[in-house]
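1. please work out how this folds:
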Amino acid sequence: MAETACPADFIALSEKLADAAGAVIRGYFRTAVGVDDKSDDSPVTIADREAEAAMRRLIAETFPEHGIFGEEFGSERLDADYVWVLDPIDGTKSFITGKPIFGTLIGLLHRDVPILGIIDQPIAGERWLGAKGRGTTLNGKKISTRACPSLSQATICTTAPELLRGPGDLDSWHRLRDAAKLPMYGGDCYNYALVASGFADLVVESGLKPYDYCALIPVIEEAGGLVTDWQGQRLGGMKSDGRVLAAGDSRAHAEAIRILAG
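-> Numbers count the residues shown, from 1 in each chain. So this is what the prediction gives:
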């Protein structure tokens with residue numbers, strides 16, 4: 001194992017965080033929870049807030065010197081060497097409509113480099129965990145991305161075209177969609193998990209925040225894929241314009257970058 005491998009005690013805490021969030025989320029799933037609208041018109045529920053609060057408590061108890069950046073309760077100690085990046089329910093629209101394709105995202109940055117990520121689907125009982133130098137697992141079993149030498153053979157995913165709001169973003173998606181074998185819609189973070197597992201080939205999104213993508217990077221990279229911006233540059237933890245391209249095969253990724261460049 002590489003000397004720079006993610007420390008085991010951080011991995012142990014990440015699993016406890018996912019367990020805690022999952023216990024909260026399962027208690028509210030397919031119940032009549034109230035839904036509030038945030039300033040950006042995205043929905044939020046008591047499940048989102050309680051799940052993030054539970055994770056924050058565990059981090060404070062275990063590594064009080066670590067920083068936290070969460071979707072619901074903001075940031076603290078972002079200058080710390082280690083910063084946890086939390087999205088308690090990525091895919092709240094799926095959650096409130098009873099669809100079990102949302103996920104809890106837990107990322108850990110070391111000096112702004114993602115070294116650990118979890119995508120946890122607490123209803124299906126599926127947990128993808130990628131840790132630097134240790135590979136990616138699904139429920140403890142090693143997984144890997146699949147070969148895809150060209151977009152003409154690719155399954156490519158985006159959550160919804162209407163979310164591609166940046167200048168030219170929708171046109172870029174249409175070019176990728178037309179070049180791919182099978183375009184798929186919906187899924188939020190679940191799409192990235194499917195790339196890591198070898199059931200999809202690319203995901204393209206824009207307008208993402210750090211809590212939307214930080215956890216995804218180790219999950220896909222440690223499974224053999226890559227995650228970049230639309231210019232092909234690797235994503236830093238907090239440094240991104242929100243445009244994300246994830247791929248299981250570098251050849252399909254390179255072709256997608258050429259198409260995105262117009």
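
2. give me the distance from stretch 230-248 to the chain's centre.
-> 12 Å (CA atoms, centre = their mean, to the nearest Å).

3. distance between the ends of it?
-> With CA to CA, to the nearest Å as the measure, stretch 230-248 spans 15 Å from end to end.

4. report the buried residues of it.
-> Trp230, Leu235, Gly236, Gly237, Ser240, Gly242, Arg243, Val244, Leu245, Ala246, Ala247, Gly248 (16 or more other CB atoms under 10 Å). Using the backbone N, CA and C atoms, a C-beta is placed for each residue, glycine as well.

5. next one: stretch 177-188
-> Arg177, Ala179, Ala180, Pro183, Met184, Gly187, Asp188.

6. quick check, the fourth one in contact with Ile156.
-> Yes. A contact is recorded between Pro183 and Ile156 when judged using CB atoms under 8 Å, the distance being 5.5 Å.

7. quick check: neighbours shared by the two?
-> Arg177 (CB atoms under 8 Å, 6 or more residues apart in numbering).

8. circling back: out of the buried residues of stretch 177-188, which are inside helices?
-> Arg177, Ala179 (DSSP state H).

9. possible to save the buried residues of stretch 177-188 as a markdown table with distance to Leu58 and pLDDT?
-> Formatted as a markdown table, the buried residues of stretch 177-188 follow (distance: CB to CB, whole Å; pLDDT from 0 to 100):
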| residue | distance to Leu58 | pLDDT |
| --- | --- | --- |
| Arg177 | 41 | 95 |
| Ala179 | 44 | 96 |
| Ala180 | 40 | 97 |
| Pro183 | 39 | 97 |
| Met184 | 35 | 96 |
| Gly187 | 28 | 92 |
| Asp188 | 24 | 94 |
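
10. that older thread, closest one of the buried residues of stretch 230-248 to Arg57?
-> Of all the buried residues of stretch 230-248, Arg57 sits closest to Gly237, with 22.7 Å by CB to CB.

11. for Ala200, see how far away that closest one is.
-> To Ala200, Gly237 is 24 Å away according to CB to CB, to the nearest Å.

12. same check, this time on Cys6
-> According to CB to CB, Cys6 stands 25 Å off from Ala200.

13. same check, this time on Gly107
-> Remark: distance between Gly107 and Ala200 (CB to CB) = 20 Å.

14. ok, these two, which is more surrounded?
-> Ranked by neighbour count (other CB atoms under 10 Å), Gly107 and Ala200 place Gly107 first, with 29 against 26.

15. residue boundaries of the helices in this protein?
-> With DSSP H, the ranges of helices along the chain come out as 8-28, 46-62, 92-96, 169-179, 189-197, 210-213, 216-221, 250-260.

16. which other helices and strands does the third one contact?
-> Helix 92-96 is packed against strand 43-45, with contacts defined by 3 or more CB pairs under 8 Å, 6 or more residues apart in numbering; DSSP states H and E.

17. other SSEs contacting the strand it packs on?
-> Looks like strand 43-45 contacts strand 35-37, helix 92-96 (3+ CB pairs under 8 Å, 6+ apart).
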